[in-house]
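Novice: After the sequence you'll find the predicted model.
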Amino acid sequence: MLIAGFPAGAWGTNCYLVAPAAGEECVIIDPGHQAAEGVEEAIAKHRLKPVAVVLTHGHLDHVASVVPVCGAHGVPAWIHPADRYMMSDPEKGLGRSIGQPLMGELTVGEPDDVQELTDGSRLELAGLELTVAHAPGHTKGSVTFKLPEQDDVPPVFFSGDLLFAGSVGRTDLPGGDHAELLGSLARVCLPLDDSTVVLSGHGPQTTIGRERATNPFMRDVAAGGPGGGATAAPRRGM
């Protein structure tokens, strides 16, 4: 399996290109602010053919390059319906007034083809099987994507802004809800095998086992506590 990832834009949002191998079809995950150039570089380097863009949630730092990337390759974008409005109206997701300057001139809106994600669905794209889990808390329409174990490759979990190395996503923006986020950690993350590789929306990769042992939010939820994570690193994401 090939996973090419890079941090993009002002928020350092991780964008991933996933394919069975170099020279094959790929899925692009979260092409955010200023990600289009990096996407094209990765496509050229690994000789990839994009077939879809899939989005963990609708915040601008994860969707700002969806229109140019989808347009350049004629592919659909997949997003949960609860976050779809943010593609065309990102200010609502940030709690800003319409018309305020927003990171200079950005192309916002929907690509020509938008498909909606549902909890528990399995997307068969580019020879991959991505299992979707609705994981609200950071936003109402946050989702995660999981690739199953293959041969000697452990499961891979694209957590978006639900789970980070040592922390979790912020819940103080419109649509955020701390209790919902803790519930998503318990329902979506805790059942995963310790060997599962976590590729999040920001920061370095980790594993479920490492987060189960060291992440204060995960430890509190696993113990049935309040999940406050008082000693955790600051919560992240836009």
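Specialist: On my side now, so go ahead.
Novice: quick one: contacts for A135?
Specialist: Taking Cβ atoms under 8 Å, 6 or more residues apart in numbering, we find A135 in contact with S142, V143, T144, G160, L162, S184, R187, V188. (Glycine included, C-beta is placed from N, CA and C.)
Novice: so which pair among those residues is furthest apart in space?
Specialist: Within these, two members stand farthest from each other by Cβ to Cβ: G160 and R187, at 14.8 Å.
Novice: Mind checking which of those two has more residues around it?
Specialist: Neighbour tally, G160 and R187, criterion other Cβ atoms under 10 Å: the higher count belongs to G160, 29 against 13.
Novice: Identify the bridge partners of that one.
Specialist: Note on G160: beta-bridge partners S200, judged by DSSP bridges.
Novice: now it: how far from M1?
Specialist: Distance of G160 to M1, given as Cβ to Cβ, to the nearest Å: 19 Å.
Novice: residues in contact with G175?
Specialist: Contacts of G175 (Cβ under 8 Å, 6+ apart): A82, D83, G93, T139, K140, G141.
Novice: wait, is G176 part of a helix?
Specialist: No - read with DSSP: H, G, I helix; E, B strand; the rest coil, G176 is coil and lies in no helix.
Novice: isn't it right up against P136?
Specialist: No - if you go by Cβ atoms under 8 Å, G176 and P136 don't touch, sitting 9.1 Å apart.
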